[in-house]
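>>> sequence and computational prediction follow.
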Amino acid sequence: MPRWATVTGPGFRSVSVRGTQGSDGKLTLLLAMAGGAAAVAVVMARKPMAAIGGIVAGGLALAIGLYDFVDLARATGDSSGLFEAHTGFGLWLVLLGSLAMTGASVAILVMNKQQATT
């Protein structure tokens with residue numbers, strides 16, 4: 001699993017945290033699977049309303065990712081500036097993937113509504 005964040009301290013020591021080491025990474029992984037199941041329902045079963053599941057799953061994963069992204073600096077608990085927190089590839093992947101899932105799901109619903117009115 002990709003790194004969620006890396007914290008660098010005095011003496012160039014760094015500690016990396018993977019998303020699955022905490023509950024947020026596991027939850028976003030479950031939400032990604034739920035969004036994938038919704039996508040399968042849309043494509044295979046021709047049920048465009050299943051895209052609502054993708055919107056909900058993607059939106060929740062995006063909210064978790066944004067919270068962790070903003071909270072990363074506070075997570076070090078350091079006010080002296082000795083420690084620096086850096087966003088890892090895993091957190092970027094959550095942010096971009098959940099944004100893509102939400103956007104694609106909204107697009108499916110909009111296209112379905114347009115087809116229904118024509």
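That came through fine.

>>> where does the prediction get shaky in this structure?
Low-confidence segments of the chain, defined by pLDDT under 70, are located at 1, 12, 73-81.

>>> chain center to the helix ranked longest in it: distance?
Among the elements of type helix in the chain, defined by DSSP state H, the one spanning the most residues is helix 89-117. The offset between the C-alpha centroid of helix 89-117 and the centroid of the whole chain comes to 12 Å, using C-alpha atoms, centre = their mean, to the nearest Å.

>>> so how far is A34 from G25?
Plainly put, G25 is 15 Å away from A34 if you go by C-beta to C-beta, to the nearest Å. Placement of C-beta: from N, CA and C, glycine included.

>>> more neighbours, these two?
Per other C-beta atoms under 10 Å, whichever of G25 and A34 has more neighbours is G25, with 22 against 18.

>>> quick check: closest non-adjacent residue to that one.
Leaving aside its chain neighbours, G25 sits nearest to G19 (2.4 Å; criterion: C-beta to C-beta, 6 or more residues apart in numbering).

>>> could you give the number of residues near the one you found?
By other C-beta under 10 Å, 25 other residues sit near G19.

>>> could you do the one 3 residues further on as well?
Here the number of neighbours of G22 (other C-beta under 10 Å) works out to 13.

>>> how close does it sit to A5?
With the distance defined as C-beta to C-beta, G22 ends up 10 Å from A5.

>>> sounds good, over and out.
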